[in-house]
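Peer 1: A structural model of the following input is requested.
(chains A and B)
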Amino acid sequence: MANLKVNMSMTKNEMPEQDPVVRATNFDEVALGYDAETAMKEAARCLDCKNSPCRSGCPVAVKIPRFLEKVREGDFDAAYDIITSTNSLPAVCGRVCPQEKQCESKCVRGIKGESVGIGRLERFVADYHMAKEQKDEVKVPESNGHKIAVIGSGPAGLTCAGDLCKLGYDVTIFEAFHKSGGVLVYGIPQFRLPKEIVAAEIANLEAMGVKIVNNAIIGKSITVDELFKDGFEAVFIGSGAGLPQFLHIPGENLLGVYSANELLTRTNLMKAYRDDYDTPIKHFNRVAVVGAGNVAMDAARVAKRLGAEHVFICYRRGRDELPARKEEVEHAESEGIEFQLLNNPTRILAGEDGHVTGIELQRQELGEPDARGRRSPVPVPGSEWVLDVDTVIIAIGTSPNPLIRNTTEGLTFTRKGGIEADEGGRTAREGVFAGGDAVTGSATVILAMGAGKAGAKSIDEYIKSKA
Amino acid sequence: MYKVVTKRFLNDAKTICLFEIEAPLVARHAQAGQFVIFRLDEQGERVPVSVAGYDREKGTVTVMVQAAGRTTKMLHTVEQGDYIHDFVGPLGKATEMDGLKKVCVVGGGVGCAIAYPIAKEMHARGIDVTFIAGFRSADIVILKEELKAASDKLIMCTDDGTYGEKGFTTVFLTNEIEANIAEGKPQFDRVIAIGPDIMMKFLADVTRPYGIKTIISLDPIMVDGTGMCGCCRVIVGGETKFACVDGPDFDAHEVDFDSLIKRAAFYKDEQDAAAQHICKITGGKRNG
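Peer 2: Below is the predicted model:
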């Protein structure tokens, strides 16, 4: 590395994007990715700091400086091998990780100027590998004969399964849906994370030996106890947080009120936006999305692409408090999503036929910061007004699904319904591990992957301790 | 992929068809009152349908499906030996029957297919079962022999009198309740009513003044069936419930029928349009 000159540009190389006006009418991917030349230039911005602070910001501990070094040398295959030695889903992470809060937040280059575009480079390397016509043969690890069950094929489950498989375990993933990928396929829209990319990452794991059983609902089709009876020696629960929360305001069951999960599942998993798929979706013109997290941005941008003329984000706090990633907010705004900030919904209104006609909002002012430092909204009395809409989408978060909670003995749960587990994913029941949203409630893909990784390590230790 | 082991139409009009599906993971725990979700092919929608029977040893589950919308019409073109893409379950809670002694089960149309396994299980457990089966006319009547075998007393009725007694199920239910009173016999300790939403609403009105606990099985619009989308929201006793995980059985005297009926019709325009667009050359078969 010493022979190569560091690129001292203060800013990241731009990543091309689809034009906002055009992309708001299609479901194709928004960000288009680096080409090889730009990737090599961007990688050359890395200073290769002695203590690699970037790595401490990565929940799956990608050897970032090492793969950047290979990218700047143009050895993209070597870069891919370095990334995948600790991360089973690089094409996913390169797209949906909040890098500005993870690895890139620790990058020394970010102190004066912009950090190295680590996420964009990870994406480039993964896409380069996927596009290669001649794939290297997948190395199938030698089996150690121990059977492990993983519940859920979302980011936590896939990561846990991938890591265990690499260690030689015989891993079977049980997935409730007909398609694998969890939130990566039902939640995150096509234009942010193409489903072909998710399918390819999963195919890599299957080629390595991970087995996936779809249409198997643990807690209904099979119980955790039965998994042990069937010879599995440990179980990792990565069943996510699938249960949508509602506001509990009047009018929430009127016609035209959706949970974000419903809108996203119909569109992403069931492909209702395509004429050749059977699942129906309503045509709507004016849409209010309640909430302002990443899921709310996804829902708003999906609604826009489905043909809505006006899509409003209704949020009770102000711009500085928006919980979504900055990049997602900017993408939404450039696509024409309108923000009704400092407005809290108080009820949903309908005509005689029960169809939504509007949402009543109450204006808010910002008060004192709460325990997390966010300024709390304070209602302005008598300030209610009605925003005319025909559709309301509730995107205020999800909680863990109760199916496993209701059918599995020996586990303990948090007040919010999450499975109690320590940092290594160990639960109150021997041999049962858990991680991701099923433990924490709704969080991010990369945190779930980190938990899957920790779970795999703990399972390995547990199996070895029994031997 | 899930193999269709048996296929047979259940009535002369061929409106309701029985499918026995090879699905060991579903057969393992399926119980009366639960449902499954099937999907015909890659482009198909997820459609919930009640469990009509199961054979744990063979690993098969039986469903009885009425051709109503696009997908169910296309399902009716699937032949014995063919495969359907997805079949997942069992979902929802099983029908409660512990402690019951005398039950009246009322089925309306294809609702009889859903009520049948419940009556059969109750009858097998020694519960006194009166079954009232209502249909529009003789040509759509199903399960004549099966219902007889699953009940202590069977009343078959049609709206037009072309088969069995003439009249609506509400009338015969009222008659049975009144007869119990008049003859000093024990009253029903439970009524189970399964059929069109409007029929269940009127049956709830029948039993309410007598204070007989009445359970109905709901089949609102669903996507995933596991509590994820919230599409199947139903208001019960003033609270929002998810039919897929909290139900499908609910107390009829607590259900907000007006909201239920409106929500069920939300996609009617889309469904009607889709049902008109079934390929006339292939009869709805896709992908060869």
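Peer 1: C-terminal to the one helix or strand residue A:366 maps to, what's the next element?
Peer 2: Assigned by DSSP states H and E, residue A:366 belongs to strand A:356-369. Remark: after strand A:356-369, the chain's next helix or strand is strand A:375-379, criterion DSSP H and E.
Peer 1: and that next one, what other elements does it pack with?
Peer 2: Using 3 or more CB pairs under 8 Å, 6 or more residues apart in numbering or on different chains; DSSP states H and E as the contact criterion, the elements in contact with strand A:375-379 are strand A:356-369. From N, CA and C alone the C-beta is placed, and that goes for glycine too.
Peer 1: and the strand it packs on, average pLDDT?
Peer 2: Taken as a whole, strand A:356-369 has a mean pLDDT of 94.
Peer 1: what's in contact with that strand?
Peer 2: Residues outside strand A:356-369 that contact it (CB atoms under 8 Å, 6 or more residues apart in numbering or on different chains): A:251, A:254-257, A:288, A:290, A:314, A:316-318, A:321, A:340, A:342-351, A:375-380, A:383-392.
Peer 1: returning to that earlier point: adjacent strands (with direction) for the strand holding residue A:366?
Peer 2: strand A:343-350 (antiparallel), strand A:375-379 (antiparallel), strand A:385-388 (antiparallel) (DSSP bridges).
Peer 1: most tightly packed of those?
Peer 2: Here the criterion is mean neighbour count by mean count of other CB atoms under 10 Å in any protein chain shown, and of those the winner is strand A:343-350, at a mean of 20.
Peer 1: now do the closest residue to residue A:259 other than its chain neighbours: how many residues are near it, please.
Peer 2: The spatial neighbour of residue A:259 that comes closest, neighbours along the chain excluded (CB to CB, 6 or more residues apart in numbering or on different chains), is residue A:244 at 3.6 Å. Neighbourhood size, residue A:244 [other CB atoms under 10 Å in any protein chain shown]: 25.
Peer 1: could you list the low-confidence segments of the stretch 101-250 of chain A?
Peer 2: A:133, A:136 (pLDDT under 70).
Peer 1: same deal with the stretch 101-250 of chain B?
Peer 2: Within the stretch 101-250 of chain B, not a single segment meets pLDDT under 70.
Peer 1: which parts of it are helices?
Peer 2: Ranges of helices in the stretch 101-250 of chain B, per DSSP state H, counting those that start in this stretch, are B:111-124, B:144-149, B:169-182, B:197-207, B:243-246.
Peer 1: residues contacting the first one, please?
Peer 2: Outside of helix B:111-124, the residues that reach it under the criterion CB under 8 Å, 6+ apart are B:10, B:16, B:31-33, B:50-53, B:64, B:66, B:95, B:97, B:100, B:103, B:105-107, B:129, B:131, B:133, B:135, B:142-143, B:146-147, B:149-152, B:192, B:194-196, B:199, B:217.
Peer 1: switch to 7 Å and redo it
Peer 2: B:16, B:32-33, B:50-53, B:64, B:95, B:97, B:100, B:103, B:105, B:107, B:129, B:131, B:133, B:142-143, B:146-147, B:150-151, B:192, B:194-195, B:217 (CB atoms under 7 Å, 6 or more residues apart in numbering or on different chains).
Peer 1: distance between it and the chain's centre?
Peer 2: 10 Å (CA atoms, centre = their mean, to the nearest Å).
Peer 1: turn the helices of the stretch 101-250 of chain B into TSV, including mean neighbour count.
Peer 2: Output for these, formatted as TSV (neighbours: other CB atoms under 10 Å in any protein chain shown):
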stretch	mean neighbour count
helix B:111-124	24
helix B:144-149	15
helix B:169-182	17
helix B:197-207	20
helix B:243-246	23
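Peer 1: distance to residue A:112 for those helices - can I get that in TSV?
Peer 2: Converted to TSV, the helices of the stretch 101-250 of chain B look like this (distance: least, CB to CB, whole Å):
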stretch	distance to residue A:112
helix B:111-124	69
helix B:144-149	80
helix B:169-182	79
helix B:197-207	66
helix B:243-246	53
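Peer 1: and these: which comes nearest residue B:46?
Peer 2: helix B:243-246 (11.0 Å; CB to CB).
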